[in-house]
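A.B. asks: structural data only, the sequence is not supplied:
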């Protein structure tokens with residue numbers, strides 16, 4: 001889930017984009033800051049990604065690789081998630097710079113897809129991986145989810161969110177699933193859950209519902225110690241004999257849309273809305289392998 005490294009762009013510039021714009025006309029200073037600042041941070045992130053992820057692997061001629069069957073497709077929602085928020089970032093910065101709404105929407109979608117596609121270029125020149133059409137389609141889907149809602153509703157009634165919890169699997173293959181918490185958030189697909197949170201007030205038009213209340217549908221998977229199939233654990237640790245069943249998980253829960261809460265403090269408002277990509281812990285109903293399970297609190 002190396003694409004999550006690009007969320008630093010979103011978190012850094014989101015605070016700036018939320019500052020009030022005092023003009024509906026183009027602001028050249030803000031536009032210049034958006035272009036220069038965004039370009040520098042993008043270049044920095046791509047450089048950091050190269051040294052953190054690709055530097056130690058051999059390079060090859062550009063090639064394609066079909067990874068659509070790996071990790072029970074858990075990497076695809078991650079691409080959608082990242083593309084969605086990079087689209088939102090670009091859109092809000094463009095609006096902040098005084099660019100018209102329609103043009104900001106188009107610019108946001110194009111910027112998101114281009115930035116995310118840069119990862120596929122790295123993959124395409126790496127012998128260990130390869131550029132993936134399914135990843136590109138997921139990038140396009142994430143940008144489309146944001147852009148279509150802006151065109152149709154002028155707001156985001158359905159928000160993509162993320163949650164993570166530590167699992168029992170990372171200790172089995174720490175080199176693959178992460179040696180510390182930060183690495184596990186990126187690498188351990190067993191603990192990741194991606195959500196579609198629909199704002200019930202906005203979608204239904206029922207005024208008696210709280211403006212912040214959401215109904216969330218989540219997708220996750222677990223039992224995975226390898227991409228396509230699980231490794232023989234005994235070969236890694238002779239004292240370990242457990243076998244894991246790879247299963248998909250579907251969730252139903254409630255959530256909070258922090259962007260709909262009126263904070264008196266501008267600082268709190270900026271922090272809350274910047275963290276609105278994180279699913280709020282709630283009691284959750286899980287369905288997996290033909291079984292239902294209730295979590296008193298799931299994250």
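C.D. replies: Everything's here; your move. All of these numbers come straight from a predicted model, not from anything done at the bench.

A.B. asks: how many residues are close by residue 43?
C.D. replies: Residue 43 has 10 neighbours, counted by other C-beta atoms under 10 Å. Heads up, the C-betas are built off the backbone N, CA and C, glycines and all.

A.B. asks: how about residue 70?
C.D. replies: So residue 70, with other C-beta under 10 Å, has 19 neighbours.

A.B. asks: give the helix, strand or coil label for the spatially closest residue to it that is not a sequence neighbour.
C.D. replies: Leaving aside its chain neighbours, residue 70 sits nearest to residue 227 (3.8 Å; criterion: C-beta to C-beta, 6 or more residues apart in numbering). What DSSP: H, G, I helix; E, B strand; the rest coil gives for residue 227 is coil.

A.B. asks: neighbours around residue 227, how many?
C.D. replies: Neighbourhood size, residue 227 [other C-beta under 10 Å]: 15.

A.B. asks: what's the pLDDT at it?
C.D. replies: Note on residue 227: pLDDT of 92.

A.B. asks: spatially nearest residue to residue 95 (excluding sequence neighbours)?
C.D. replies: In space, residue 95 is closest to residue 104, 4.9 Å off (C-beta to C-beta, 6+ apart).

A.B. asks: for that neighbour, the count of nearby residues, please.
C.D. replies: Residue 104 has 20 neighbouring residues, counting by other C-beta under 10 Å.

A.B. asks: state the mean pLDDT of the host helix or strand of it.
C.D. replies: Per DSSP states H and E, residue 104 falls inside helix 101-124. Summarised as a single mean, pLDDT over helix 101-124 is 88.

A.B. asks: ok, back up a step: check whether the residue nearest to residue 95 really touches residue 98, as I assumed.
C.D. replies: No: between residue 104 and residue 98 there is no contact under C-beta atoms under 8 Å: 9.5 Å.

A.B. asks: ramachandran coordinates for residue 279?
C.D. replies: Main-chain torsions, residue 279, degrees, to the nearest 10: phi -70, psi 130.

A.B. asks: ok, it to residue 31 distance?
C.D. replies: 34 Å (C-beta to C-beta, to the nearest Å).

A.B. asks: could I get the pLDDT score of residue 212?
C.D. replies: pLDDT at residue 212 comes out at 96.

A.B. asks: I misspoke; the intended subject was residue 165.
C.D. replies: Residue-level pLDDT assigned to residue 165 equals 95.
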